[in-house]
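Peer 1: I'll drop the sequence and a predicted model, then ask my questions.
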Amino acid sequence: MDYNAFIEQQVKELRATVGDAIAINALSGGVDSSVVTALGHRALGSQLKTVLIDNALMREGEPQWVVERFAEMGIPVELVDARSEFLGALKGLTDPEWKRQAITNTFYSKVFGRIVRESGARFLLHGTILTDIEETVAGIKRQHNILAQLGIDPQKEYGYQVVEPLKTLRKDGVRAVSRLLGLPKAIAERIPFPGPALATRIVGEVTQARLNTVRAATAIVEEELADSGAFQYLAVLLNDCATGIRDGRREYGQIIVVRCIESLDAREATVTRLDWAKLERICQRITSLPGVNRCLYDLTPKPPATVEYV
Ligand code: XMP
């Protein structure tokens, strides 16, 4: 595929579709929404409003980091602080599906839905790729009707339209386009990170304190394994405690699991045979975090395990 021609074609189509109206999109910092943002701004300039919603669940410094990378490309991104709304919606929830549902609902029905209405936008740019559509059709993914999720009925509220400029591409195509659009490598080649973010790595209730712990452990794992070449690496906070000893005293402390996998597309995965000294170093750093006195390495391939824990 000629990706330069693809970009030219999409720019032309976006301009023709949107005309002189306002369009909006939500950027997460993942490669798909990043490419839509860069492509959309090339086509529409200031007619496209891009927001990044801080849901309290992103990695250390991530919302600001993403906004800065786009500022360097001359693309303004509005950072929306919705942390308390998400934390409020997650309060008391321990069931994995309820947690995911609370995050989805807060994002679409509350925060992004409100922003879309207030913006006066008539077009929503969305980073759906071919694989998303195939997985929805095959029943692997939940139905992906963006307008319905936003609580917008296109019949009643005439004029809203979803535009999906990447819907003919797979991940490799998206990455190729990202290079041609001049996205920095640090964004184009990021390891996969789930939409529900660190909530998929906290077993049990998501609280500010527990987020702080898993966020700090994630930063250590990502720093130590950045040059591992692995497909994905992560830290998980379990919902249990174990007895340990700190400063000569018994401590009932928290447990962090480290996971590092090899995979092509995350449908199946094997565990990376990390160097023992590297594992010991990660363990030593993670058990230096306040209240954490155990660090485990997950040896389970997918299947039977999944990549994330929630
Ligand atoms: P699982 O845990 O299902 O993960 O083996 C497979 C791949 O998908 C990512 N993942 C998600 N990505 N929204 C996303 O955008 C999600 O809800 C989600 N859940 C899992 C996961 O990080 C892995 O790469």
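Peer 2: Arrived safely, thanks for sending.
Peer 1: Now do the strands in the protein.
Peer 2: 23-26, 48-54, 78-81, 123-125, 161-163, 232-246, 249-262, 270-271, 292-297 (DSSP state E).
Peer 1: Mind listing residues that contact the second one?
Peer 2: With contacts defined as C-beta atoms under 8 Å, 6 or more residues apart in numbering, strand 48-54 is touched by 22-29, 37, 40-41, 63, 66-67, 70, 75-83, 107, 111-112, 115, 119, 121, 125. (Each C-beta comes from the backbone N, C-alpha and C, glycine too.)
Peer 1: Then stretch 236-247?
Peer 2: Everything outside stretch 236-247 that qualifies as a contact, by C-beta under 8 Å, 6+ apart, is 94, 201-205, 210, 213-214, 217, 250-259, 293-294, 298, 308-309.
Peer 1: what subset of those residues is also close to the ligand?
Peer 2: By C-beta under 6 Å from any ligand atom, the members of the contacts of stretch 236-247 lying near the ligand are residue 308.
Peer 1: Show me where the stretch 1-150 of the chain dips below the pLDDT cut-off.
Peer 2: Applying pLDDT under 70 to the stretch 1-150 of the chain picks out residues 141-145.
Peer 1: Which single residue in it comes nearest to the ligand?
Peer 2: residue 100 (6.4 Å; C-beta to the nearest ligand atom).
Peer 1: That residue: what's its closest spatial neighbour, skipping adjacent residues?
Peer 2: Ranked by C-beta to C-beta, 6 or more residues apart in numbering and with sequence neighbours excluded, the top spatial neighbour of residue 100 is residue 196, at 5.5 Å.
Peer 1: Correct me if wrong: the one you found contacts residue 102.
Peer 2: No. In this structure residue 196 lies outside contact range of residue 102 using C-beta atoms under 8 Å: 9.4 Å.
Peer 1: Next, count neighbours for the residue nearest to residue 100.
Peer 2: For residue 196, the number of neighbouring residues by other C-beta atoms under 10 Å comes to 23.
Peer 1: a markdown table please, covering the strands of the chain and showing mean neighbour count.
Peer 2: Shown next, in a markdown table, are the strands of the chain (neighbours: other C-beta atoms under 10 Å):
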| stretch | mean neighbour count |
| --- | --- |
| strand 23-26 | 23 |
| strand 48-54 | 21 |
| strand 78-81 | 14 |
| strand 123-125 | 25 |
| strand 161-163 | 16 |
| strand 232-246 | 17 |
| strand 249-262 | 18 |
| strand 270-271 | 14 |
| strand 292-297 | 18 |
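Peer 1: Let me know which of those strands is the nearest to residue 183.
Peer 2: strand 48-54 (13.6 Å; C-beta to C-beta).
Peer 1: how about the helices in the chain?
Peer 2: For the chain, applying DSSP state H gives helices covering 3-18, 31-44, 62-72, 83-90, 96-105, 113-119, 130-137, 146-149, 171-180, 185-188, 208-225, 276-286.
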